[in-house]
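1. Compute the structure for the input listed below.
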Amino acid sequence: MNRPNQYKPPSFGALVQSFFADHLTQQRGLSARTVAAYRDAFLLFLEFAQNRLHKAPTAMQFSDLTPALIMAFLDHLEADRHNSVRSRNARLASLRTFLKFVAHKDVASLHIVEQALGVPMKRFERPMLGFLTREEMLAVIGTPGVGWVSQRDVLLLALMYNTGARVSEVIGVKVADVVLAPAACVHLHGKGRKQRSVPLWRSTVKLLRAWLRLNPDLGPASTLLPNREGQAMTRSNVTQRLALAVQAATRAQPSLAGRRISPHTLRHSTAMHLLQSGVDISVIALWLGHESPTTTHQYIEADLAMKEKALSRLQDPGVVARRFRAD
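-> Sure thing, here's the model as predicted:
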C-alpha cells in the first residue's frame, strides 16, 4: 500500500530567499533601490529577532513571526533607534508584503499570516512642509569659486533647485542625461523606474557648460557630479555639502540660523515657488515626478501667503458693510 506524500512546508530561509531572488526582482521587477529598502527592513528585523528569540536567522521558523514579536520590533524602532512613525510604518509595510507572499507559497501558514497582518499601521500627524524663500535659496546656492569642489557644489544645489530632484535622482545623473541644445533639459531617473525630463534655466546651463569645460575627461556614461575619487556622490555627501552651504549663507540670511534644512527642503522650495508663481498643481506633480497630484496638494496647505491672499477676498466680519449709494 502506497502512503500519500506528506506535505513538507518550505523553511523560513527558503521563503526569504524566494521572496528576494524571485518575487521582488523577477516577478514584480522592482528597482534596485526598492529592493534595498526591503533588504534593510529585513536585516533590522532579523537582528532584533535573533536577540529576542536567541535564535540565529537560519534557525528561525515562520511560526516565530507572531504579532507580539512584530509589535516589539516596531516599538524597538521608535524607542531605541528613534525612528519616526513614518519609518516605522515603512518597515511594517515591508514585513506585510513578505507575509502576503508567504500566504501564496505556504497554505498551511495562513492562520499565522492572518494574525501577523493584524498588526496595524500607526497614525501620525503630518508635519507642515518646510521650505526656503527665494532669497534664502539663492544665498544657499551662492556663487562658484575657483576651486573644483566649490563649482561642483554650486552646480549641485542649483540643479536640485531648478529640477526639484530627489537626492537619489540628482546623484544618478550621467553626462549623457544633460541636453544643452537646442532645448536645454536634464533627464531624471526617478522612483519606480520612471523617467522625466525637466527644462533648465539659462543660469543652470551656464554652470553646466563651465563644469564640463573644467572636467573634459567626463564621458557620456560618467557621473555628472562625482566625488573626489570620481565615484557618484552619496546621500551623506549631499547632506554634508548642503549643511556647509547653509552655514555660509547664514551670514547673508540670518533667518537660516538654527533651522533644519535637508536636501528634501530644496525640493519643497522648488514646488512652493512654482505654486506661488501660478503654475498649475498638475504640472508641478509632473515636474516633481509625483505618482498622483494628490501628493502635491500638501504644498497648498503649507503656503500661508496664498491662504492670506484668499482670506483678503472675504469681508472681515468686524468691518461694517457699506451701503451702496448711487451717484
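
2. From S150, how far out is P216?
-> According to Cβ to Cβ, to the nearest Å, P216 and S150 sit 19 Å apart. All C-beta spots, glycine's among them, are computed from the backbone N, C-alpha and C.

3. Which one of the two is surrounded by more residues?
-> More crowded of P216 and S150, by other Cβ atoms under 10 Å: S150, with 13 against 7.

4. Identify the residue spatially nearest to that one, adjacent ones excluded.
-> P144 (5.6 Å; Cβ to Cβ, 6 or more residues apart in numbering).

5. now do H187
-> Leaving aside its chain neighbours, H187 sits nearest to D177 (4.3 Å; criterion: Cβ to Cβ, 6+ apart).

6. Spell out, range by range, the strands that occur in the chain.
-> For the chain, the strands defined by DSSP state E cover 178-179, 185-189, 195-199.

7. Poorly predicted segments of this protein, please.
-> Applying pLDDT under 70 to the chain picks out residues 1-7, 125-129, 192-193, 292-295, 297-324.

8. residue ranges for the helices of it, please.
-> 12-18, 32-53, 67-79, 85-105, 110-116, 134-141, 148-163, 167-170, 202-214, 235-249, 263-276, 281-288, 297-302, 304-312 (DSSP state H).

9. So for Q195, which of those sits nearest?
-> helix 167-170 (9.9 Å; Cβ to Cβ).

10. returning to that earlier point: can I assume the residue nearest to H187 is in contact with L224?
-> Yes - the pair D177 and L224 passes the contact test of Cβ atoms under 8 Å, sitting 7.2 Å apart.

11. of the two, who's got more company?
-> Ranked by neighbour count (other Cβ under 10 Å), D177 and L224 place L224 first, with 25 against 17.

12. How about the contacts made by the closest residue to that one other than its chain neighbours?
-> Sequence neighbours aside, V173 is the residue nearest to L224 in space, at 4.6 Å (criterion: Cβ to Cβ, 6+ apart). Shown in contact with V173 (Cβ atoms under 8 Å, 6 or more residues apart in numbering): 159, 165, 186-188, 223-225.

13. Next, name the residue at the spatial heart of this protein.
-> Centroid check for the chain by Cα atoms, centre = their mean gives R166 as the closest residue, at 6.4 Å.

14. Could you give the number of residues near the closest residue in space to that one that isn't next to it in sequence?
-> Excluding the flanking residues, the one nearest R166 by Cβ to Cβ, 6+ apart is R267, at 6.5 Å. If you count neighbours by other Cβ under 10 Å, R267 ends up with 22.

15. quick one, what contacts R267?
-> Residues in contact with R267 (Cβ under 8 Å, 6+ apart) are 160, 164-166, 288.

16. Just among the residues you listed, which is most surrounded?
-> For the contacts of R267, neighbours tallied by other Cβ under 10 Å; top is A165, 27 neighbours.

17. Grab the nearest non-local neighbour of that one.
-> Closest residue in space to A165, ignoring its immediate chain neighbours: L188 at 5.5 Å, by Cβ to Cβ, 6+ apart.

18. so that neighbour makes contact with S168?
-> No - using Cβ under 8 Å as the test, L188 is too far from S168 to be in contact (9.7 Å).

19. which residues are common contacts for the two?
-> What both L188 and S168 touch, as defined by Cβ under 8 Å, 6+ apart, is an empty set.
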